[in-house]
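Student: Dropping a prediction and its sequence here:
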Amino acid sequence: MAGAAATLAGYLLGSMPFGYVIVRCAKGIDVRATGSGATGATNVMRNLGVPGFVATFVLDLGKGVAAVMLAARLTGNDPRWVAAAGVAAVAGHIWPVWLGFRGGKGVATGVGVFAALAPVPLGLVLAVFVLLVALFRYISLGSVVATAAFPLLYSALDHPPRALLLGAMGCALLIVGRHHANIQRLLRGTESKVGTRRR
């Protein structure tokens, strides 16, 4: 019962649409009608600049951390339910019940989940992210590669329980899958770079 409650709580935490609320309050528009159509920090930045990005990223990251910590507390740190809550938080961000199941791409919430699970591997993948964005100026490229790298580094460095590793893989698959349109644009050479505005 506690595990199911923790998983549901993870989903509801993940569903909190901070990016949507921030843009709605600041500009009176639906952020999903602009840019990439997502509610995450990158699309908020297209509307509100760096302050909007930072606010949204920090809040969305907090959802992932909170989901994992709450599940650990409710279930006695049972790795199966901790993993389930982490995946549920990312799923909630991508498919939020409050917004008709149209949300973001899960990156910041996934970072929060990964931070709660394994801060050292996360630090390494963030370095990969920064390097790729600095070199190529594609946030989506950095996000996809860094996300895919996390389960590998987590396994190699921390040797986590099987359930937690599977949870990390599940989060990564959701995030990478949500970037399918970005991946197609990267392959075509039409993806937006940092510093450009998408209409």
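Tutor: Thanks, I have the structure now.
Student: Can you tell me how far the residue nearest the centre of the chain is from G189?
Tutor: Closest to where the C-alpha atoms of the chain average out (CA atoms, centre = their mean) is V107, at 2.3 Å. Computed as CB to CB, to the nearest Å, the V107 to G189 distance reads 22 Å. The C-beta positions use only the backbone N, C-alpha and C, and glycine is treated the same way.
Student: before we move on, what about L8?
Tutor: Taking CB to CB, one finds L8 at 42 Å from G189.
Student: for T7, same thing?
Tutor: With CB to CB as the criterion, T7 and G189 are 40 Å apart.
Student: Who has more neighbours out of these two?
Tutor: T7 (25 against 6; other CB atoms under 10 Å).
Student: I'd guessed the more buried one sits against G86; true?
Tutor: No. Contact criterion CB atoms under 8 Å: T7 and G86 do not qualify, at 9.5 Å.
Student: Quick check: neighbours shared by the two?
Tutor: Residues touching both T7 and G86 by CB atoms under 8 Å, 6 or more residues apart in numbering: A71.
Student: ok, then the element right after the lengthiest helix in the chain?
Tutor: The longest helix of the chain (DSSP state H) is helix 41-74. Where DSSP states H and E defines the elements, the next helix or strand beyond helix 41-74 is helix 79-94.
Student: elements contacting that next one?
Tutor: helix 2-14, helix 41-74, helix 107-117, helix 162-178 (3 or more CB pairs under 8 Å, 6 or more residues apart in numbering; DSSP states H and E).
Student: P151: neighbouring residues, count only.
Tutor: 24.
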